[in-house]
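**Q** Pasting the sequence and the predicted coordinates here, then a few questions.
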Amino acid sequence: MTLTTIEGFDRIGEENAFAVLARANALAETGKSIINLGIGQPDFPTPNHIVEAAIKALKDGHHGYTPATGIPQLRDAVANDVSQRYNTEVSADNVIIVPGGKVTMFSAILMFGEPGVDILYPDPGFPIYRSMIEFTGANPIPIPIREENAFAFSAEETLSLITDKTRLIILNSPANPCGGVTPADQIDALVKGLEAHPNVAIMSDEIYDQMTYDNEKHISLLQYPSIRDRLIVLNGWSKTYAMTGWRLGYSIWPDSLFDSIRKLAVNAWSCVNAPAQYAALAALTGPQDDVAMMMQAFDERRLKVVDALNTLPGVSCITPKGAFYAFPNIKESGWQAKPLASQLLEDAGVATIGGPDFGIHGEGYLRVSYANSLDNLLQAIERIDQFLRANPA
Ligand code: PLP
């Protein structure tokens, strides 16, 4: 017998980075030398004191369910951390601990998406935004993220897309896949414009908030009181603390939505893995030296990778201001992005992701993750150079 699901499942998408990872691993198993610049996760291990905190939690007997919203001391630590870093006031009552950053976007889009409404999302952007919007039957309205704006949001263009059908707007800075950081003047203008649309909810994906460069400090939408009553902030431990496999995240919800997310948690995941929550507590309250060390390494690679990418034939790359991705423009090479990414993996042994995997505005670009050693990065770019010179489009 063949079972059929509701039609939303015909529309649900996925993240091609996982498919590229699987193909890269399969090729590596055949003995081929593969350098993976496709996956978006730090190449560092989780700092040792965080791992030790999880082991201690297990030994101390933290084996059962926790409250659905998370252990109180962790909710407090999150509230303190964001309140301090953004010089604002966030109450632990508005914080929920969730199993990964993705769970917040899944939940927020599920809460607002339905046929007939518009949800705005960045394009190029994290692919799950659009996939989930389509799943709910809402209209996905791309906000173009343009190289001429250094891959930052344009307040004017974003606001021009809002109509009376707009229910939710998704923002992401520092951004995946382009590494753009939206400057203060654009955020100010965006918030000012959003004040005229009080029925539009906002989800700000700030998972890369601690990954900015050149002494530029992240600006959180939490710093704008006029939109706090309809602002959902997505964040977590995956990137900052190199904890992608722990499946840990948190989000901050306005009072009016908090009971909905709490009940969704009770229905869907009960709570986050208990020892992982103790590890997250150690991450926030313990020494931050490892975070600084990782950021220093990412910064050094960022500058060297951009220099190297700019020597490739038909390629130009602006310097990303955040996260750990470069988004080189390959238009002059004559190659389309997806065939190039595929050939680079199969022939040159370098995994990257084609820009169109992040939306239609990603054509003409590749995403290069510099979460890999400098040696590997430079060797990979050398391989791309040889490939492009041997295979002009
Ligand atoms: N948001 C963005 C912009 C991301 O790039 C990612 C992961 O790549 C996530 C959210 C999801 O993070 P997590 O692995 O914690 O679910």
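**A** Here it is on my side, so go on. Numbering: from 1, shown residues only.

**Q** From the ligand, how far off is residue 17?
**A** 8 Å (Cβ to the nearest ligand atom, to the nearest Å). C-beta coordinates here come from the backbone N, C-alpha and C atoms, glycine included.

**Q** Confirm that that residue lies within a helix, as I assumed.
**A** Yes - counting by DSSP: H, G, I helix; E, B strand; the rest coil, residue 17 falls inside a helix.

**Q** thought residue 68 was touching residue 271?
**A** Yes - assessed by Cβ atoms under 8 Å, residue 68 is found in contact with residue 271 at 5.3 Å.

**Q** anything in contact with each of these two?
**A** Taking Cβ atoms under 8 Å, 6 or more residues apart in numbering as the criterion, residue 68 and residue 271 both touch residue 265.

**Q** can you map out the helices along this structure?
**A** Counting by DSSP state H, the chain has helices at residues 8-11, 16-29, 48-59, 72-85, 101-112, 127-136, 155-160, 184-194, 255-268, 274-285, 289-309, 337-343, 374-390.

**Q** other SSEs contacting the fourth one?
**A** What it means is helix 72-85. With contacts taken as 3 or more Cβ pairs under 8 Å, 6 or more residues apart in numbering; DSSP states H and E, helix 72-85 sits against strand 95-98, strand 249-252, helix 274-285.

**Q** among those, which is nearest the ligand?
**A** Checking the helices and strands packed on helix 72-85 against the ligand by Cβ to the nearest ligand atom gives strand 249-252 as the closest, at 4.8 Å.

**Q** what's the model's confidence in the closest one, averaged?
**A** Strand 249-252 comes out with an average pLDDT of 98.

**Q** about what we covered before: can I get the helices and strands packed on helix 72-85 in a markdown table including mean neighbour count and distance to the ligand?
**A** Shown next, in a markdown table, are the helices and strands packed on helix 72-85 (neighbours: other Cβ atoms under 10 Å; distance: least, Cβ to the nearest ligand atom, whole Å):
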| stretch | mean neighbour count | distance to the ligand |
| --- | --- | --- |
| strand 95-98 | 26 | 9 |
| strand 249-252 | 26 | 5 |
| helix 274-285 | 22 | 12 |
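
**Q** To residue 329, which of the ones you listed lies closest?
**A** Distance to residue 329, taken as Cβ to Cβ, is lowest for strand 249-252 among those, at 31.7 Å.

**Q** circling back: rebuild the helices of the chain as a markdown table, extending it with mean pLDDT and distance to residue 218.
**A** A markdown table is the format used below for those (pLDDT from 0 to 100; distance: least, Cβ to Cβ, whole Å):
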| stretch | mean pLDDT | distance to residue 218 |
| --- | --- | --- |
| helix 8-11 | 92 | 33 |
| helix 16-29 | 92 | 23 |
| helix 48-59 | 98 | 22 |
| helix 72-85 | 98 | 8 |
| helix 101-112 | 98 | 15 |
| helix 127-136 | 97 | 20 |
| helix 155-160 | 98 | 17 |
| helix 184-194 | 98 | 10 |
| helix 255-268 | 98 | 23 |
| helix 274-285 | 98 | 16 |
| helix 289-309 | 97 | 12 |
| helix 337-343 | 96 | 29 |
| helix 374-390 | 97 | 25 |
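
**Q** Dump those into a markdown table; add distance to residue 209 as well.
**A** Converted to a markdown table, the helices of the chain look like this (distance: least, Cβ to Cβ, whole Å):
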| stretch | distance to residue 209 |
| --- | --- |
| helix 8-11 | 31 |
| helix 16-29 | 21 |
| helix 48-59 | 18 |
| helix 72-85 | 8 |
| helix 101-112 | 11 |
| helix 127-136 | 18 |
| helix 155-160 | 19 |
| helix 184-194 | 13 |
| helix 255-268 | 20 |
| helix 274-285 | 13 |
| helix 289-309 | 12 |
| helix 337-343 | 28 |
| helix 374-390 | 24 |
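
**Q** of all the ones you listed, which lies closest to residue 174?
**A** Of the helices of the chain, the one closest to residue 174 (Cβ to Cβ) turns out to be helix 289-309, at 11.4 Å.

**Q** gap between that closest one and the chain center?
**A** Helix 289-309 sits 18 Å away from the centroid of its parent chain (Cα atoms, centre = their mean, to the nearest Å).

**Q** tell me the angle of that helix relative to helix 274-285?
**A** 80 degrees (axes from the mean of the first three to the mean of the last three Cα atoms, to 10 degrees).

**Q** per-domain residue ranges of the chain.
**A** As assigned by automatic domain parsing, the chain contains the domains 9-45+289-390, 49-285.

**Q** could you dump the ones you listed to JSON lines with distance to residue 3?
**A** Output for those, formatted as JSON lines (distance: least, Cβ to Cβ, whole Å):
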{"stretch": "domain 9-45+289-390", "distance to residue 3": "11"}
{"stretch": "domain 49-285", "distance to residue 3": "18"}
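
**Q** picking that back up, ok, which of the helices of the chain comes nearest residue 210?
**A** Closest among the helices of the chain, using Cβ to Cβ: helix 289-309, at 6.4 Å.

**Q** List the buried residues of that closest one.
**A** Within helix 289-309, the residues scored as buried using 16 or more other Cβ atoms under 10 Å are 290-291, 294-295, 297-299, 301-302, 305-306, 308-309.
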